[in-house]
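Chemist: Got a sequence here, can you build the structure:
(3 chains)
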Amino acid sequence: MKTQGIAPELLEALDRPLVDHHCHGVLSAALGRPAFEQLIVEGGLAAPPGTTHFDTPVGLAIRRWCAPVLDLPPHAPPADYLARRAELGPDEVNRRLLRAAGISVFCVDTGLDAPATADPAAGGLLSPAEMGAAGGGAGGHEIVRIERVAREVAERAPAAGAYAEEFAEELFRRASDAAGLKTIIAYRCGLDFDPWPPEPGEVVAAAAAWFAGYRVESRLADFDPWPPEPGEVVAAAAAWFAGYRVEPRLADPVLLRHALWTALAVAREYGLPIQFHTGLGDTDLRLHRANPVLMTDFLRAAQPVPIVLLHCYPYVREAGYLAAVYPHVYLDCGLTVTHTAAASATPLAESLELAPFHKNLFSTDCYGLAELCHLGALYFRRGLGALLADRVRAGEWSLPDAVRIAHLIGGDNARRIYRLDR
Amino acid sequence: MKTQGIAPELLEALDRPLVDHHCHGVLSAALGRPAFEQLIVEGGLAAPPGTTHFDTPVGLAIRRWCAPVLDLPPHAPPADYLARRAELGPDEVNRRLLRAAGISVFCVDTGLDAPATADPAAGGLLSPAEMGAAGGGAGGHEIVRIERVAREVAERAPAAGAYAEEFAEELFRRASDAAGLKTIIAYRCGLDFDPWPPEPGEVVAAAAAWFAGYRVESRLADFDPWPPEPGEVVAAAAAWFAGYRVEPRLADPVLLRHALWTALAVAREYGLPIQFHTGLGDTDLRLHRANPVLMTDFLRAAQPVPIVLLHCYPYVREAGYLAAVYPHVYLDCGLTVTHTAAASATPLAESLELAPFHKNLFSTDCYGLAELCHLGALYFRRGLGALLADRVRAGEWSLPDAVRIAHLIGGDNARRIYRLDR
Amino acid sequence: MKTQGIAPELLEALDRPLVDHHCHGVLSAALGRPAFEQLIVEGGLAAPPGTTHFDTPVGLAIRRWCAPVLDLPPHAPPADYLARRAELGPDEVNRRLLRAAGISVFCVDTGLDAPATADPAAGGLLSPAEMGAAGGGAGGHEIVRIERVAREVAERAPAAGAYAEEFAEELFRRASDAAGLKTIIAYRCGLDFDPWPPEPGEVVAAAAAWFAGYRVESRLADFDPWPPEPGEVVAAAAAWFAGYRVEPRLADPVLLRHALWTALAVAREYGLPIQFHTGLGDTDLRLHRANPVLMTDFLRAAQPVPIVLLHCYPYVREAGYLAAVYPHVYLDCGLTVTHTAAASATPLAESLELAPFHKNLFSTDCYGLAELCHLGALYFRRGLGALLADRVRAGEWSLPDAVRIAHLIGGDNARRIYRLDR
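Modeler: So this is what the prediction gives:
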């Protein structure tokens, strides 16, 4: 961060260890270049021939800011970076980058598996406790992904009529030690879902349909249905079938709503916030259906359970509006800050245009690569620091207020709503 | 405003009294802290336990810019500010802040009542004339809210078949002395309404249904329908019923469209603009349905009646596009500028990205608190001044053009389209 | 461009001739003030009484940057500018402004006719080759507009059952020499179209309905359906009928989708990109239906054909997201940069927040006026130059990377995906 002209009190506030209220585990396995590149981008697809995912804002940021953490000069070429990464090994790389991030608490969404491109034998994702340890003795808490629990219950193949009860039991059990809950309903049916809970009979029928034939899905992104030549059709179909996910993926809107309303009951009982994926994500998403204002009626019905809108880009202002008018709605810019990198001050500033300062949270949303954790924290500190210093310099905000805002967003808000000190 | 490096001609242009083409009355009653805090935010709901609405952009702005108007140092603590406010009394506070705003004409939307949290016996909202007087002899004009007139006609309980004629008569009568009309159809059914007028028979049927049982509504925001424990259900229901609005609230889409098309007739007859609420507002809103591009077909049908898009955030660019391509469409950033406060230069700049300079208008949209009037004018002047000075400094715009643009947006555009000099 | 503090290597990179991957021909006819003013704005409608389209961002930019190219001082008044323009004559004006733009290749969408306000006898739009010649010996390529070819096939009045084959033959023929294809389906039915191809039988039925009575359309923008006085009704109807377009305009969603899927076959066969109009445009558009994320499912189905999202404003970030996660999706800010002019650095910066640097393209989208070409190139260079210099100054990107990014966006990306060097 450019420190000149920033008051020491403010620098000290920004320097304090952060609470990362939403992230995923990083990989303990070594990664070849294709696997590394695919973890740089949200889509996970390979770059077009002749190009590289290093030619992205986050790619340049890795070379600029992570290279020195691995003892390389800033702007080191990708090949040098990956060679040094391999040389140090994943444990040392993770240790260095997670410590450099300066985070005191990791709240880890455990609902994601390791990427398919990584070798499972070589090591999976770090657990919340392992994240904390790698991060220099930070705390590790679990965020339970609602749809993942539903899938795990479905894998036990309960009777359809017993699903609702078994799911509720399991979710209560899993949440009892967790810091919060998380839903990816934005991916599965969009945030324009029916805001009211389904009837019990609907849930039984939907569960029966689900179990009768686990939905066989491919990622459409990998499927090209238009056949100009017979050979291409065969090749595309083969690739498609190979990619089938025969997992019991929860995609039925009735069951998604039921899972969400069950999670509301859990959240009320335990006093937990529920995190919502909103805005940008991978190719499984229709972005316009991940706009958080689409679920305004649900937000009204959900109060007073704290609802945290994650990522938000490009709907950061919409999220800020919701956080401004609804007492139980919060937002963050995790993932957004990392991927916009050198441009991240702009979306971060938008998250501060309207939202109260007690509603904004820091997160990295890192997944797989410890680089994404370091960059998320680094650009958060730089962006927030520059904005606060500007406000103080312009005489708009007092220095004590700016310091207080840095503490609120950097950790105090998360500690309060996740009750991390309990 | 940072005046260094700004040419004196431009400073003089920015300093001129402004025409506030859209605001509401401020309260003549003294306010306790809860009532004051609830008027700071659009939602009107209390801040979560342990937090305060003063920890918002507008809250910090009140402490920074309104405190000195009440003889306090900048950044005075909230308690000091409210104590001083009580000491001076509402008349003096209103007088000081409205004069500090530097406004020569107030166009007041009279369709809102005083907030429920204010003591009606202590004093209501200032009338257009009273706003002008408190503002140091400024002019006061009325903007007639279409849906309010419909409600008042409905309260007379006319025969359903007579409603359309009685409403038209009343609207023509009320508008005959007004500067313009205003609609809040964005709140009541969204701007994605059917762009064509309803058939007369539809209007009669809808009026009959309306009168037969005035729609009994509660604000869903105050209602939590999900019952984890029986006791909570009872308490929530009691709170809900207590909050019933048994007013004849105009919410039927047919009647809303009918009211709007009647207003178009009035506007044509008298040469009046129609203001549309768009973008951010209170919790009665679904933000994505307040995007002004949703009513593109209606805008086409409404020409050449001037249509003024109010507030717009976060759809400022969409509004700018409409103002750029449709000769009868205008926009403002009122409310947006006040609530984004120290960050307001960004949305204000967006309103100037595409829209012609003869299409942009100043307003404060203040309601209840004279602070919101002062801040709306102050941040408008600062934001526009900084932008114009930058353009002149970069050699992009000539100084005379910059001065002319300041005059157009600050008042000349409003004078022209509302024909305030007639 | 402010050159101080910018490294010479970067200045040289920005100075290189650009590839304009999407533009239209400029007019070879002299233009009176009304015709000139109507070409400044996207809507093409006259400014309200007492105002001028010169009071727009692009209007001030013409006076600032084009006046000196015609030997006038910066900020010359509109009347002086137009007098000098008439004095030099269209050929000299076009020659000066197109050369000033510094473009080495024009890819010209030939699907637009000269504006109705221009005198056809005085001269039409320059062809791709003429654009190149006027631009100082630049290359000229054609971009074939899909819907235009469909209209031309329809004008031959084929049997409905033969339409699909005749259209495919014609599109293959026309595209065989072209650099790419272009669709305006955003205008005709919105980007929320059914992503799958229609059945052959549907195409025959839709073609039959189309040919049976060529759709008689007026631009609704010119039509005011609400009749307060009989005289106005008659006048409005007369104006409406006079404006009838009896052309066989392709507006049927089935045929639009069929044309698009045929174009995908052509694009695959010849290795061509398909350009999509997205975002801002004229009054024929409903802006919210031109958001490119609405066609996410189609984008998935279309891969690996390169899809280039044009203009994008205000959905620049949405387009950047798509370009970031889908390997075959590209974007530009043409038209946006020209019309936001002095404010164009903001949307241009947004196009660089998330999109890979190998996905961003330069274009001017000029049409009719050579001024729009010069300004598009000028503000692109200024905006990109300022951003790159900032990144280098902040230590975020290395100078060689910044230079490389300038080359990629300024021309290398277009050369690669349109295979201009073949």
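Chemist: didn't residue A:335 look like it was pressed against residue A:316?
Modeler: No: judged on C-beta atoms under 8 Å, residue A:335 makes no contact with residue A:316 at a distance of 11.5 Å. Every C-beta, even on glycine, is put in place using the N, C-alpha and C of the backbone.
Chemist: higher neighbour count, these two?
Modeler: residue A:316 (30 against 26; other C-beta atoms under 10 Å in any protein chain shown).
Chemist: got a list of what that one touches?
Modeler: Residues near residue A:316 by C-beta atoms under 8 Å, 6 or more residues apart in numbering or on different chains: A:279, A:331, A:333, A:336, A:347, A:350, A:351.
Chemist: And for the nearest residue to it once chain neighbours are set aside, the neighbour number?
Modeler: Take residue A:316 and drop its neighbours on the chain: the residue closest to it by C-beta to C-beta, 6 or more residues apart in numbering or on different chains is residue A:350, 4.4 Å away. Per other C-beta under 10 Å, the neighbour tally for residue A:350 reads 25.
Chemist: what does residue A:297 give?
Modeler: Around residue A:297 there are 16 residues (other C-beta under 10 Å).
Chemist: so residue A:365 sits right up against residue A:21, yeah?
Modeler: No: counting by C-beta under 8 Å, residue A:365 does not reach residue A:21; the two are 9.9 Å apart.
Chemist: In terms of packing, which of the two has more residues around it?
Modeler: With neighbours defined as other C-beta under 10 Å, residue A:365 and residue A:21 compare such that residue A:21 has more, 31 against 25.
Chemist: Report whether the more buried one is found in a helix, as I expect.
Modeler: No: under DSSP: H, G, I helix; E, B strand; the rest coil, residue A:21 sits outside any helix and is assigned strand.
Chemist: For chain B, see how far away the residue lying closest to it once chain neighbours are set aside is.
Modeler: Sequence neighbours aside, residue A:414 is the residue nearest to residue A:21 in space, at 4.1 Å (criterion: C-beta to C-beta, 6+ apart). Distance, residue A:414 to chain B, using C-beta to the nearest C-beta, to the nearest Å: 14 Å.
Chemist: now do residue A:184
Modeler: If you go by C-beta to the nearest C-beta, the gap between residue A:184 and chain B works out to 21 Å.
Chemist: Enumerate every residue touching that residue.
Modeler: Residue A:184 neighbours (C-beta under 8 Å, 6+ apart): A:111, A:145, A:147, A:277.
Chemist: quick one: strands adjacent to whatever helix or strand residue A:308 lives in?
Modeler: Element membership for residue A:308, per DSSP states H and E: strand A:307-311. Sheet pairing for strand A:307-311, assigned by DSSP bridges, gives strand A:274-278 (parallel), strand A:329-332 (parallel).
Chemist: Show residues contacting the first one.
Modeler: Spelled out, it's strand A:274-278. A:22, A:109, A:143, A:146, A:180-187, A:191, A:263-264, A:267, A:290-292, A:295, A:302, A:305-312, A:315, A:319.
Chemist: Identify each buried residue in it, please.
Modeler: A:274, A:275, A:276, A:277, A:278 (16 or more other C-beta atoms under 10 Å in any protein chain shown).
Chemist: ok, now how distant is the residue in the stretch 51-200 of chain A that chain B sits nearest to from chain C?
Modeler: The nearest approach of the stretch 51-200 of chain A to chain B comes at residue A:197, 7.0 Å away (C-beta to the nearest C-beta). Look at residue A:197 and chain C: by C-beta to the nearest C-beta, they are 29 Å apart.
Chemist: What of residue A:265?
Modeler: 33 Å.
Chemist: Which helix or strand contains that residue?
Modeler: Counting by DSSP H and E, residue A:265 is found in helix A:253-270.
Chemist: In chain A, what helix or strand scores lowest on average pLDDT?
Modeler: Least confident helix or strand, chain A: helix A:230-242 with a mean of 51, by mean pLDDT, DSSP states H and E.
Chemist: Start and end of stretch A:187-199, how far apart?
Modeler: 23 Å (C-alpha to C-alpha, to the nearest Å).
Chemist: Could you list which residues are in contact with the closest residue to residue A:122 other than its chain neighbours?
Modeler: Closest residue to residue A:122 apart from its sequence neighbours, by C-beta to C-beta, 6+ apart: residue A:29 at 3.6 Å. The neighbours of residue A:29, taking C-beta under 8 Å, 6+ apart as the test, are A:90, A:114, A:118, A:119, A:122, A:123, A:124.
Chemist: let's see 10 Å
Modeler: The contact partners of residue A:29, by C-beta atoms under 10 Å, 6 or more residues apart in numbering or on different chains, come to A:35, A:90, A:114-115, A:118-125, A:368.
Chemist: Residue A:169 now?
Modeler: Applying C-beta under 10 Å, 6+ apart, the residues contacting residue A:169 are A:153, A:162.
Chemist: For the most centrally placed residue in chain A, which three-state class applies?
Modeler: Nearest to the mean C-alpha position of chain A, by C-alpha atoms, centre = their mean, lies residue A:365 at 3.8 Å. At residue A:365 the chain is in coil, as set by three-state DSSP.
Chemist: Strands of the stretch 51-200 of chain A, residue ranges please.
Modeler: Taking DSSP state E, counting those that start in this stretch, the strands of the stretch 51-200 of chain A run over residues A:103-109, A:139-145, A:180-183.
Chemist: can you give me how far stretch A:133-153 is from the chain middle?
Modeler: Remark: stretch A:133-153 is offset 12 Å from the chain centroid, using C-alpha atoms, centre = their mean, to the nearest Å.
Chemist: hmm, I was thinking of stretch A:157-172
Modeler: Taking mean C-alpha positions (C-alpha atoms, centre = their mean), stretch A:157-172 and its chain are 27 Å apart.
Chemist: Give the buried residues for that stretch.
Modeler: A:158, A:160, A:163, A:164, A:166, A:167, A:168, A:170, A:171.
Chemist: got it, and stretch A:197-215?
Modeler: In stretch A:197-215, counting by 16+ other C-beta under 10 Å, buried: A:197, A:198, A:203, A:204, A:206, A:207, A:210, A:214.
Chemist: residues touching residue A:272, list them.
Modeler: By C-beta under 10 Å, 6+ apart, the contact set of residue A:272 is A:143-144, A:175-176, A:178-181, A:263, A:266, A:305-306, A:417-419.
Chemist: Determine the number of other residues adjacent to whatever residue of chain A ends up closest to chain B.
Modeler: Nearest residue of chain A to chain B, counting by C-beta to the nearest C-beta: residue A:325, 3.2 Å away. Residue A:325: 25 surrounding residues under other C-beta under 10 Å.
Chemist: Using PDB, write down the CA coordinates of stretch A:25-38.
Modeler: Output of stretch A:25-38 as PDB, limited to C-alpha atoms (Å, rounded to 0.1, in the frame of the first residue of the first chain):
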ATOM      1  CA  GLY A  25      -9.500 -24.400   1.600                       C
ATOM      2  CA  VAL A  26      -6.400 -24.100  -0.500                       C
ATOM      3  CA  LEU A  27      -4.800 -27.200  -2.100                       C
ATOM      4  CA  SER A  28      -2.100 -29.100  -0.400                       C
ATOM      5  CA  ALA A  29      -1.100 -30.700  -3.700                       C
ATOM      6  CA  ALA A  30       1.500 -29.600  -6.200                       C
ATOM      7  CA  LEU A  31       0.000 -28.200  -9.400                       C
ATOM      8  CA  GLY A  32       1.100 -28.200 -13.000                       C
ATOM      9  CA  ARG A  33       0.700 -25.200 -15.200                       C
ATOM     10  CA  PRO A  34      -2.700 -26.200 -16.700                       C
ATOM     11  CA  ALA A  35      -4.200 -26.900 -13.200                       C
ATOM     12  CA  PHE A  36      -2.700 -23.700 -11.800                       C
ATOM     13  CA  GLU A  37      -4.100 -21.600 -14.700                       C
ATOM     14  CA  GLN A  38      -7.500 -23.100 -14.400                       C
END
